[in-house]
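[1] okay, sequence plus prediction incoming.
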Amino acid sequence: MKNFILFYITIFSFVALEGNAQQAKIKAANKDYDTYAYIDVIKTYEKVALKGYKSEDMFRKLGDSYYFNSEFEGAAKWYGELFAMNTNIESEYYYRYVQSLRATGQIDKADKMMNEFTSKFENDTRGKLYKENPNYMDLIKENSGRYKIEDAGINSKYSDYGTFVYNKKLYFTSARDTGNFSKRKHSWTGEHFTNLYVSDVDSAKVKKFKTALNSKFHDATPIFTKDGKTVYFTRNNYLDGKKGKNENNTTLVKLYKATLENDKWTNITALPFTSDNYSTAHPALSPDEKTLYFSSDMPGTLGQSDIFKVAINDNGGGYGSPQNLGPTINTEGKETFPFVTNEKEIYFSSDGRPGLGGLDVYVGKMEDNGAVSEIQNIGADVNSPKDDFAYMIDPVSRKGYFSSNKIGGHGSDDIYKFLETRKLQCIQELNGIITDAESGIILPRTKVTLYENQVVKNTILSDAAGFYIFPVECGKTYNVRAEKVDYATKEVSITIEKLSGKTSLPIALDKSKCKVTIGDDLGKCFGIKMIYFDLDKSDIRTEAAIDLEKILDVLDSHPTMKLDIRSHTDSRQTHKYNEALSNRRAKSTIDWLIKNGINANRLTGKGFGETQLVNQCSDNVICTEEQHQANRRSEFIITAL
């Protein structure tokens, strides 16, 4: 997409290049760059660069000249030359290079540069989004295959984009010039200035919208109110024959409004929150027509352009203060072309999020508090390595339009129509198997309850295989509670991924009633594997006392029970040392129980050192810490009941 369409629709005079010396050419090219005459600058800079001259400033501007015209092959080439000279480059050039690489299919190299970008510029939102979504291509793939897309049948060899359907007619923007005489061209793109055109829906017959809405400069992206009496649109800062200019003598773009009186569009006025010093463009109305959304680089913008909203007063007499939609949707890049549906969705284009390259179309959920959440790339049917934008959809028929300069079009930007065959929904399934924590056997007919924010969402019984399943929503956090007779109830929290698929959550239940007999290890009832002591010591630690309290309670409840307490070590000391250490620890355990009221004649104990290893980890055998840990254990063997 030509960047002037996206946002900075500017007006300048033509610039003549003179002189043959290389420095003179560079100077002239610099002047062209500063006035956005990008077609001329590309030619001049390339002639100089191809003769072997190297300059970071020249490579920056040459790369930008291609990038801002969405010619990513050239942008990737010259940004590559820039980074070959110096990698200590500003963040924006890193990101433009990444986008250019993606757009030309150099994904591995793009990811490499993106990793450097996130490392160097840790606070940049675009890098954070990339780190949070390392598998973004999987999500794009998951969201693809949902559209039937075809040429809209109204395209020319010039730029055509930005559709709006009203009263069975399709209104759009085009750089074709159907005038017979004076045809004005924009020096940035080499195309005519854009005007508004109209055709019947599903008709290839196109007419220029012959109203006062069209001026001799850029006019674009109209939207109409439901009654057809008001239109909002984008235009160069030009009204009644006068151009408004900023401090750099540049004419930017503004949002305008017009009303229909006696079948004529009149009362054309710039909206009161617009300015000569910043751009406002690409309007969209909320379904209730009480809010206007638009793109701007006004003060308070987070990136190159952000999406804003402004309240429309009920009496039509004015507007509220524009509000930035915030960092949940806006990035340091470009966010533009909003479109809002009655399903609380906002579609928009961005180059600041992980995507296929250039501008991609995204959709987010509009929360009641005004925030935008659950933003997703809508997939590779619409999106491409080029620029894809100006998406609109009828929520009922699921038909719509979008614009793109993707390969295979008529040239420049083209309008495509589509039918969405499957809605973009992240579908997730939460499942798992309920088992006995000690034995691992499955536990059928276990009551399993799904909670969200402490509210019961669903309750089922596990099947004969101990299996349970719940449909859940992507990105949400749930609690799953499992209950069964003779087992301790267990509740586990889990956050579902933001990607369609299945999430597994097996749950192992501990028995609430432990059946033991003479010769069993009482410690297994409570999962006591070891009574912990400080290194090389035999003092009872706090966490060990908690486990011993469990043993104490059982002994108090069963006054005829007797225990033989056995302490074991691993092999990582001498036999003699380990035997003495384990004896001291067994004695300390017995002393603690006696001190807390257990008769000494109910307790015996001994330290076995490393003589009863449960695995192969004897002296001089290399083992993991986990394997050694298995040998360091405490046992509470029942000798009488």
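    Ah, there it is.

[2] which residue ranges of the stretch 201-350 of the chain form strands?
    Assignment of strands within the stretch 201-350 of the chain using DSSP state E, counting those that start in this stretch yields the ranges 206-208, 219-224, 230-236, 238-239, 242-243, 253-261, 264-270, 280-285, 291-296, 306-311, 323-324, 335-340, 345-350.

[3] give me the most central residue, this structure.
    Nearest to the geometric centre of the chain sits L129, at 5.5 Å (CA atoms, centre = their mean).

[4] isn't that one up against G355?
    No: using CB atoms under 8 Å, L129 is not in contact with G355, being 10.1 Å away. C-beta coordinates here come from the backbone N, C-alpha and C atoms, glycine included.

[5] so what are the domain limits for this structure?
    Domains of the chain are assigned by automatic domain parsing as 3-140, 427-509, 522-640.

[6] what residue ranges in the stretch 201-350 of the chain score low on pLDDT?
    Residues of the stretch 201-350 of the chain meeting the criterion pLDDT under 70: 315-317.

[7] and T250, how close does it get to G244?
    Relative to G244, T250 is positioned 10 Å away (CB to CB, to the nearest Å).

[8] I should have written A281 there, sorry.
    Taken as CB to CB, the span from A281 to G244 is 15 Å.

[9] neighbour count for these two, which is higher?
    Neighbours per residue, other CB atoms under 10 Å: of A281 and G244, the larger number sits with A281, 27 against 17.

[10] name whatever forms a beta bridge with the more buried one.
    Beta-bridge pairing of A281 under DSSP bridges involves S295.

[11] doesn't I223 make contact with it?
    No: applying CB under 8 Å as the test, A281 and I223 come out as separate, 12.0 Å apart.

[12] any residues in contact with both of the two?
    Between them, A281 and I223 have no joint contacts when contacts are counted by CB atoms under 8 Å, 6 or more residues apart in numbering.

[13] and the strand or helix carrying E549, what other elements does it pack with?
    Assessed by DSSP states H and E, E549 sits inside helix 542-557. For helix 542-557, the packing partners by 3 or more CB pairs under 8 Å, 6 or more residues apart in numbering; DSSP states H and E come out as helix 575-595.

[14] and the angle for the helix it packs on with helix 542-557?
    For helix 575-595 against helix 542-557, the angle between stretch directions is 50 degrees (axes from the mean of the first three to the mean of the last three CA atoms, to 10 degrees).

[15] buried residues in helix 575-595, which are they?
    The neighbour-count check on helix 575-595 (16 or more other CB atoms under 10 Å) flags 578-579, 581-590, 592-593 as buried.

[16] what's the average pLDDT for whatever helix or strand Q428 lives in?
    Take DSSP H and E as the rule and Q428 turns out to sit in strand 427-436. For strand 427-436, mean pLDDT is 94.

[17] from here on, call the first residue 59.
    Noted, 59 is the first residue going forward, which turns the last one into strand 485-494.

[18] what does it rub up against?
    499-501, 504, 506, 508, 520, 523-532, 536, 538, 540, 542, 545, 552, 554-555, 558-567, 569.

[19] write the PyMOL selection for whichever of these are buried.
    PyMOL command restricting the contacts of strand 485-494 to the buried ones, with burial defined by 16+ other CB under 10 Å:
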select buried, resi 500+501+504+506+508+520+524+525+526+528+530+531+532+536+538+540+542+545+552+554+558+561+563+565+566+567+569
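
[20] from the contacts of strand 485-494, which land in helices?
    Using DSSP state H, no member of the contacts of strand 485-494 falls within helices.

[21] okay, stretch 352-368 in CSV with CA atoms only?
    Extracted as CSV, the C-alpha positions of stretch 352-368 are listed here (Å, rounded to 0.1, in the frame of the first residue of the first chain):
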residue,chain,number,x,y,z
PHE,A,352,-10.2,7.1,13.4
SER,A,353,-6.4,7.0,12.9
SER,A,354,-4.2,9.9,13.9
ASP,A,355,-0.7,11.0,15.0
MET,A,356,-2.1,13.7,17.3
PRO,A,357,-0.4,14.4,20.6
GLY,A,358,-0.7,11.4,22.8
THR,A,359,0.0,8.9,20.0
LEU,A,360,2.1,5.9,21.1
GLY,A,361,3.5,5.1,17.7
GLN,A,362,3.6,6.4,14.2
SER,A,363,-0.2,6.4,14.1
ASP,A,364,-2.7,5.2,16.6
ILE,A,365,-6.4,4.4,16.7
PHE,A,366,-8.5,6.9,18.6
LYS,A,367,-12.2,7.3,19.4
VAL,A,368,-14.4,10.4,20.0
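
[22] buried stuff in that stretch?
    For stretch 352-368, using 16+ other CB under 10 Å, the buried residues are 352-356, 359-368.

[23] can you tell me which two in those are farthest apart?
    Q362 and V368 (20.1 Å; CB to CB).

[24] now the strands: where do they sit in the stretch 459-608 of the chain?
    Counting by DSSP E, counting those that start in this stretch, the strands of the stretch 459-608 of the chain are 472-478, 485-494, 505-510, 513-519, 525-531, 535-541, 548-553, 559-562, 565-567.

[25] can I get the ones you listed in CSV including distance to M116?
    Compiled in CSV, those are given as follows (distance: least, CB to CB, whole Å):
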stretch, distance to M116
strand 472-478, 32
strand 485-494, 51
strand 505-510, 58
strand 513-519, 61
strand 525-531, 52
strand 535-541, 52
strand 548-553, 49
strand 559-562, 48
strand 565-567, 63
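
[26] can you tell which of those strands is closest to V430?
    That would be strand 525-531 among the strands of the stretch 459-608 of the chain, by CB to CB, at 16.9 Å.
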